[in-house]
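S.K.: Please work out how this folds:
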Amino acid sequence: METASTTKSSAVTILFGVSVVFFLLAGLAIVLGQAATLVAGDATAARHWATALAPFAFGGASVAGLLSFALSYGENHKSE
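M.R.: Have a look, this model is predicted:
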């Protein structure tokens, strides 16, 4: 039977994985979008594309960073 702490750890691990995938996909969308607009010859559109998507990529990275800290703290706490 799972304990409450095991369930919380599993939920945090899943959220961490989702947030990592999200920010990697958002970063990829930024790079591919900028590449496409630059190939089309529109540097202004490339800047706007990055400006529009950056908050999502940075937000996902921030969540992943905080969750990784929480996971590492939980692992250290278990070993004591």
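S.K.: okay, now S19: neighbour count?
M.R.: For S19, the count of nearby residues is 20 (other C-beta atoms under 10 Å). Just so you know, the C-beta spots here come from the backbone N, C-alpha and C atoms, and that holds for glycine as well.
S.K.: Against S62, how distant is it?
M.R.: Distance, S19 to S62, by C-beta to C-beta, to the nearest Å: 9 Å.
S.K.: Likewise for P55?
M.R.: 10 Å.
S.K.: Just read off the phi/psi values of D42.
M.R.: Main-chain torsions, D42, degrees, to the nearest 10: phi -120, psi 90.
S.K.: what are the ranges of the strands in this structure?
M.R.: Ranges of strands in the chain, per DSSP state E: none exist.
S.K.: so where is the protein shaky, pLDDT-wise?
M.R.: 1-5, 75-80 (pLDDT under 70).
S.K.: Mind listing what's buried along stretch 11-23?
M.R.: By 16 or more other C-beta atoms under 10 Å, the buried positions in stretch 11-23 come out as 15-16, 19-20, 22-23.
S.K.: how distant is stretch 18-34 from the center of its chain?
M.R.: 8 Å (C-alpha atoms, centre = their mean, to the nearest Å).
S.K.: now stretch 16-36
M.R.: The answer for stretch 16-36 is 8 Å, by C-alpha atoms, centre = their mean.
S.K.: swap in stretch 30-49?
M.R.: Taking mean C-alpha positions (C-alpha atoms, centre = their mean), stretch 30-49 and its chain are 22 Å apart.
S.K.: just stretch 33-50 next, same as before
M.R.: Chain-centre distance of stretch 33-50: 23 Å, with C-alpha atoms, centre = their mean.
S.K.: Could you list the alpha-carbon positions for it in PDB?
M.R.: Taking Å, rounded to 0.1, in the frame of the first residue of the first chain, the C-alpha atoms of stretch 33-50 are listed here in PDB:
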ATOM      1  CA  GLY A  33       9.500  29.500 -35.500                       C
ATOM      2  CA  GLN A  34      12.400  31.900 -35.600                       C
ATOM      3  CA  ALA A  35      14.200  29.800 -38.200                       C
ATOM      4  CA  ALA A  36      11.000  29.800 -40.400                       C
ATOM      5  CA  THR A  37      10.500  33.500 -40.200                       C
ATOM      6  CA  LEU A  38      14.200  34.200 -40.900                       C
ATOM      7  CA  VAL A  39      14.100  31.900 -43.900                       C
ATOM      8  CA  ALA A  40      11.000  33.900 -45.000                       C
ATOM      9  CA  GLY A  41      13.200  37.100 -44.600                       C
ATOM     10  CA  ASP A  42      11.200  38.700 -41.700                       C
ATOM     11  CA  ALA A  43      13.500  39.400 -38.800                       C
ATOM     12  CA  THR A  44      10.800  41.500 -37.000                       C
ATOM     13  CA  ALA A  45       8.500  38.500 -37.100                       C
ATOM     14  CA  ALA A  46      11.200  36.300 -35.600                       C
ATOM     15  CA  ARG A  47      11.600  38.700 -32.700                       C
ATOM     16  CA  HIS A  48       7.800  38.800 -32.200                       C
ATOM     17  CA  TRP A  49       7.600  35.000 -32.300                       C
ATOM     18  CA  ALA A  50      10.200  34.700 -29.600                       C
END
